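In: here's a sequence, model it:
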Amino acid sequence: MTSEARMTPEPQKLAYLEAMGLTAWVARYQLPNARETEACDWPELEPEAMPARGADRLHALLDDGVTGQGSVDAPEQVVEPVERPENTGPSGPRGPRKARALLGDIVPESGDSPSVAEPDTDMPMAEPAEALPFACLVGCIDGRWLVLVAQTDPMSVEQQRLLANILGAAGVHSEQRPVFEVLHWPLAEGLPVRQPLEEARQGLKAFVTGRGRRGWKPERVLMFGTDATLDRVVDDNDGKSRTLELPLWQGPSLASLLAGAEAKRTLWPQLENWKALWNQTNAEPGSGAGESV
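Out: Alright, predicted model coming up:
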């Protein structure tokens with residue numbers, strides 16, 4: 001620290017900092033064993049008196065330092081609030097022109113500051129809509145193959161046995177029997193809805209993603225049965241669910257398969273390549289999007 005800085009009185013230091021846009025902090029209470037803070041009287045500004053620009057005061061302070069008026073015996077100066085230039089942060093103007101802007105040598109041009117777009121008050125707000133309700137059973141075979149059953153009632157013993165026989169006949173041998181949960185959408189009544197179909201798709205995707213904590217990493221989707229709303233939510237696009245971004249197979253419902261042998265005969269040829277797909281243990285989730293299941 002130079003001798004000139006040590007001889008600068010505290011009020012003038014505060015004035016320098018304030019003029020440069022730097023906030024100075026002074027302790028309100030005296031800490032134990034700390035040196036007593038110098039007492040200063042700060043007269044209040046008159047209501048009509050406008051504070052001087054920070055650049056003008058900084059020029060005056062610099063002039064005082066050159067002429068030697070900033071001595072120890074100099075009278076205490078009033079620290080006034082600083083009017084910051086536009087486009088400044090907490091510590092003053094930003095960029096290479098910071099010093100010149102502080103000294104008031106340049107005036108920001110109208111194009112320097114980015115214009116803020118005014119909100120368009122003429123745009124109509126989306127009207128509240130009703131949720132798109134759907135329900136289905138959801139399970140996952142060894143965390144790999146997601147199974148959707150288009151029904152809300154729990155599977156009967158006959159349906160569970162039929163599903164196990166279908167998977168066994170197709171060469172899909174799981175280590176554990178899948179546990180199915182009922183997914184009802186919406187999750188709660190009375191929630192605001194803006195885009196019913198999109199929110200329903202996001203709800204299904206969030207439900208499956210959340211089961212990742214249980215080890216679910218689906219590689220493809222098997223969907224038994226059809227439902228107009230559920231079909232829109234799953235969004236089949238040539239053998240791929242655009243909602244879940246996974247290969248999709250959709251077949252007859254378990255109830256119709258139990259009802260007659262014709263549905264079983266129609267299903268059998270579709271199971272031909274399931275074993276090869278299931279044995280791809282190293283397949284990444286979502287791989288084989290162009291393969292039929």
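In: what sits up against stretch 206-215?
Out: Applying CB atoms under 8 Å, 6 or more residues apart in numbering, the external contacts of stretch 206-215 come out as V138, C140, G143, L146, L183, W216, P218, L244. C-beta here means a position set from N, CA and C on the backbone, and glycine is covered the same way.
In: L271: neighbour count?
Out: 17 (other CB atoms under 10 Å).
In: hang on, I meant T243
Out: The burial count for T243: 22, using other CB under 10 Å.
In: now Y16
Out: Residues lying near Y16 (other CB under 10 Å) number 19.
In: so it: helix, strand or coil?
Out: The three-state assignment at Y16 reads helix, by DSSP: H, G, I helix; E, B strand; the rest coil.
In: can you check N33 too?
Out: coil.
In: can you list the domains in this protein?
Out: 3-102, 134-278 (automatic domain parsing).
In: could you tell me the least trusted of those?
Out: Of all the domains of the chain, domain 3-102 carries the lowest average pLDDT, namely a mean of 58.
In: residues contacting Q160?
Out: R177.
In: phi, psi of it?
Out: The phi and psi values for Q160, taken as degrees, to the nearest 10, are phi -60, psi -40.
In: go on, A200?
Out: Torsion angles, degrees, to the nearest 10, at A200: phi -70, psi -40.
In: that one reaches W185, doesn't it?
Out: Yes - using CB atoms under 8 Å, A200 is in contact with W185, at 5.5 Å.
In: quickly list what's touching both of these two.
Out: What both A200 and W185 touch, as defined by CB under 8 Å, 6+ apart, is the set A131, L132, F134, V233.
In: of those residues, which is the nearest to P196?
Out: Using CB to CB, L132 comes nearest to P196 of these, at 4.0 Å.
In: what is the neighbour count of that closest one?
Out: Neighbours of L132 using other CB under 10 Å come to 19.
In: can you tell me the closest non-neighbouring residue to it?
Out: Excluding its sequence neighbours, the residue lying closest to L132 (CB to CB, 6 or more residues apart in numbering) is P196, at 4.0 Å.
In: and that neighbour, what does it touch?
Out: Residues near P196 by CB under 8 Å, 6+ apart: A129, E130, A131, L132.
In: of those, which count as buried by neighbour count?
Out: The neighbour count (16 or more other CB atoms under 10 Å) marks A131, L132 as buried among the contacts of P196.
In: switch the contacts of P196 over to TSV; also include pLDDT and distance to E10.
Out: Shown next, in TSV, are the contacts of P196 (pLDDT from 0 to 100; distance: CB to CB, whole Å):
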residue	pLDDT	distance to E10
A129	83	65
E130	89	68
A131	90	66
L132	93	69
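In: nearest to L258, of the contacts of P196?
Out: Nearest to L258 among those, with distances taken as CB to CB, is L132, at 29.3 Å.
In: now do the helices in the stretch 151-293 of the chain.
Out: Listed in chain order, the helices of the stretch 151-293 of the chain (DSSP state H, counting those that start in this stretch) span 157-169, 196-210, 228-234, 254-259, 261-267, 274-278.
In: between the ones you listed, which one is nearest to Q12?
Out: Per CB to CB, nearest to Q12 of the helices of the stretch 151-293 of the chain: helix 196-210, 61.9 Å.
In: send the alpha carbons of the closest one over as CSV?
Out: Output in CSV follows, covering the C-alpha atoms of helix 196-210 (Å, rounded to 0.1, in the frame of the first residue of the first chain):
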residue,chain,number,x,y,z
PRO,A,196,-54.6,-33.3,-23.2
LEU,A,197,-53.1,-35.7,-25.7
GLU,A,198,-49.5,-34.5,-25.2
GLU,A,199,-49.8,-34.5,-21.5
ALA,A,200,-51.2,-38.0,-21.5
ARG,A,201,-48.2,-39.2,-23.6
GLN,A,202,-45.8,-37.5,-21.2
GLY,A,203,-47.7,-39.2,-18.3
LEU,A,204,-47.1,-42.6,-19.8
LYS,A,205,-43.5,-41.9,-20.6
ALA,A,206,-42.9,-40.5,-17.1
PHE,A,207,-44.5,-43.6,-15.5
VAL,A,208,-42.2,-46.0,-17.4
THR,A,209,-39.1,-43.8,-16.8
GLY,A,210,-39.9,-43.6,-13.1
